[in-house]
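Engineer: Quick one, fold the following:
(one chain, ligands or ions: 1)
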Amino acid sequence: MSTSADDYLDLDTLLSPDEIALRATVRAFVDERIKPHVAQWFEEAHFPRHLVKEMGDLGLLGMHLTGYGCAGRSSVEYGLAAMELEAGDSGIRTFVSVQGSLAMSAIHKFGSEEQKQTWLPGMAAGDLIGCFGLTEPGAGSDPASMATRAVRDGDEWVLDGSKRWIGLASIADVAVIWAQTDEGIRGFVVPTQSEGFTATPITGKLSMRTSIQCDITLSGVRLPADAVLPDVKGLKGPFSCLNEARYGIMWGAMGAARDAYEAALAYALERRQFDVPIASFQLTQAKLVDMVLEIQKGQLVALQTGRLKDAGTLRPEQISFGKLNNVREAIEICRQARTVIGGNGVTLDHSPLRHANNLESVRTYEGTDEVHTLIMGRILTGISAF
Ligand code: TGC
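Structural biologist: Residues are numbered from 1 along each chain as shown. I've put the predicted structure just below:
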């Protein structure tokens, strides 16, 4: 009898041998290189930078991009990798998302040939780290209100402003910074060694502790004229990159949920109360069943979304469906899994509460539940409620 949330509905029959093989490779990496250490990293708020190169060697960085040293994998393969990485920890999957879906994707989609040649091969290999600066202290859900400004001064651009919640910025080599200009919002490729660029890690986080999020200050940062991303103007630039990251998140959240379910199931079979394993109680079985129902449904949503993406027909509002549903359900699954583990579940000896705490960030970044609800509501009614 199968007890795995992975195969209850034989979803593997919907995957190709290559997809299953890629998933197995990433799962083995997570089991060996992440899971044994992740509780300590979370406790110490430590980002395991040594894994960056290893993930580059595995072809996981910008893996759905083609050329420039990228692996050229499908969207479904990218999603499966995100799911396995987040079964380890959301912070590690977030690194891969920021690097590949946001920073690399911006340069790949909109950069000049020189920008691509300069940055992408090193980023794909894990030799260089990138970050993506959109959100600001005063501009979260409404990036159109950003205050960061870039002005031309002769042959140079001069950037002033601030960004907040920027993943990896303090260890990044390059930042893609979005700023207001006289011709609308533009993206800039900013080497982080530039004078006037400062990134400060945000401390005191109760979530995403194996990752780094920063405040960025841009004080008169001078860049050459060709630092601008030439091929996009306006918010559709950063939003196109967010589509990529939001897509990966809907898969990743199901990885965290699956890991929490597996932890709860193992505990329920082992833990005895009233002279029997707690898995023999009807209320415990109901919790486990509800988890599997939502994990399987969430994986189907992610897979269908991935197939649409690979077919080139995916619409942004369909990504909102998966991001909203899967993260919301994953948090609930992780919290329920914690209840199965009882008091012991509030420690780092067990993964569910760590995952649930991480998912609080995941449900907030890349579009909050409210933003994705209203994106869907606008499609259903034809009325914008923003
Ligand atoms: P609107 O002003 O109407 O649209 C502006 C332009 O953008 C286009 N567009 C899109 N293009 C591609 N994909 C999408 N998903 C797009 N959504 C909009 C739109 O067609 C228009 O183009 P054009 O050519 O007409 O100018 O904006 P809107 O009313 O559609 O959007 C409103 C709203 C609330 C949905 C949008 O502002 C939004 O999505 N807000 C959420 C912002 C968000 O997700 N922020 C996350 C920032 S990144 C982050 O959190 C960092 S996490 C990673 C890390 O750790 O660093």
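
Engineer: I'd guessed residue 191 sits against residue 176; true?
Structural biologist: No. Counting by C-beta atoms under 8 Å, residue 191 sits too far from residue 176 to count as a contact (11.3 Å). C-beta coordinates here come from the backbone N, C-alpha and C atoms, glycine included.

Engineer: So if I had to pick from these two, which one is more boxed in?
Structural biologist: Higher neighbour count among residue 191 and residue 176: residue 176, with 28 against 15, using other C-beta atoms under 10 Å.

Engineer: List the single closest residue to the more buried one in space, sequence neighbours excluded.
Structural biologist: residue 106 (4.5 Å; C-beta to C-beta, 6 or more residues apart in numbering).

Engineer: go on, residue 317?
Structural biologist: Across the structure, with C-beta to C-beta, 6+ apart as the measure, the residue nearest residue 317 apart from its sequence neighbours is residue 379 (4.6 Å).

Engineer: Sticking with the one you found, tell me its helix or strand.
Structural biologist: When secondary structure is defined by DSSP states H and E, residue 379 falls within helix 369-381.

Engineer: Give me the contact list for that helix.
Structural biologist: Under the criterion C-beta atoms under 8 Å, 6 or more residues apart in numbering, residues 141, 316-317, 320-321, 323-324, 327-328, 363, 367, 383-386 lie in contact with helix 369-381.

Engineer: before we move on, what about stretch 358-367?
Structural biologist: The set of residues external to stretch 358-367 that reach it, using C-beta under 8 Å, 6+ apart, is 89-91, 94, 135, 141, 165, 205-208, 242, 245-246, 249, 252-253, 256, 320, 323, 327-328, 330-331, 334, 369, 375.

Engineer: In helices only, show me the residues you listed.
Structural biologist: Restricting these to those inside helices, with DSSP state H as the criterion, leaves 90-91, 94, 242, 245-246, 249, 252-253, 256, 320, 323, 327-328, 330-331, 334, 369, 375.

Engineer: could you pick out which of the residues you listed are near the ligand?
Structural biologist: The overlap between the ones in helices among the contacts of stretch 358-367 and the neighbours of the ligand (C-beta under 6 Å from any ligand atom) comes to 94, 242, 375.

Engineer: Need the nearest residue in space to the second one, chain neighbours excluded.
Structural biologist: Here the nearest residue to residue 242 in space, its sequence neighbours aside, is residue 366; by C-beta to C-beta, 6+ apart that works out to 5.8 Å.

Engineer: For my notes, confirm the one you found occurs in a helix.
Structural biologist: No. Applying DSSP: H, G, I helix; E, B strand; the rest coil, one finds residue 366 to be coil, outside a helix.

Engineer: Let me know the secondary structure of residue 218.
Structural biologist: strand.

Engineer: Residue 188 versus the residue lying closest to it once chain neighbours are set aside, what's the distance?
Structural biologist: With sequence-adjacent residues excluded and distances taken as C-beta to C-beta, 6+ apart, residue 218 is closest to residue 159, at 4.6 Å. Noted for residue 159: a distance of 6 Å to residue 188, by C-beta to C-beta, to the nearest Å.

Engineer: Check residue 7 too.
Structural biologist: 46 Å.

Engineer: cool, and residue 275?
Structural biologist: For residue 275, the distance to residue 188 (C-beta to C-beta) stands at 66 Å.

Engineer: which one of these two has more residues nearby?
Structural biologist: In terms of neighbours (other C-beta under 10 Å), residue 188 is the more surrounded of residue 275 and residue 188; the figures are 21 against 6.

Engineer: Is the more buried one in a helix, a strand, or coil?
Structural biologist: Classification of residue 188 into helix, strand or coil gives strand, according to three-state DSSP.

Engineer: pretty sure it is touching residue 228, no?
Structural biologist: Yes. In terms of C-beta under 8 Å, residue 188 counts as a neighbour of residue 228; the distance is 5.7 Å.

Engineer: rewinding a little: and the residue nearest to residue 176, what helix or strand is that in?
Structural biologist: Taking DSSP H and E as the criterion, the element that holds residue 106 is helix 105-110.

Engineer: Now the helix or strand just after that helix: average pLDDT?
Structural biologist: Counting by DSSP H and E, the element after helix 105-110 in chain order, helix or strand, is helix 113-125. When the per-residue pLDDT values of helix 113-125 are averaged, the result is 98.

Engineer: In terms of secondary structure, what does helix 113-125 contact?
Structural biologist: For helix 113-125, the helices and strands in contact under the criterion 3 or more C-beta pairs under 8 Å, 6 or more residues apart in numbering; DSSP states H and E are helix 50-57, helix 105-110.
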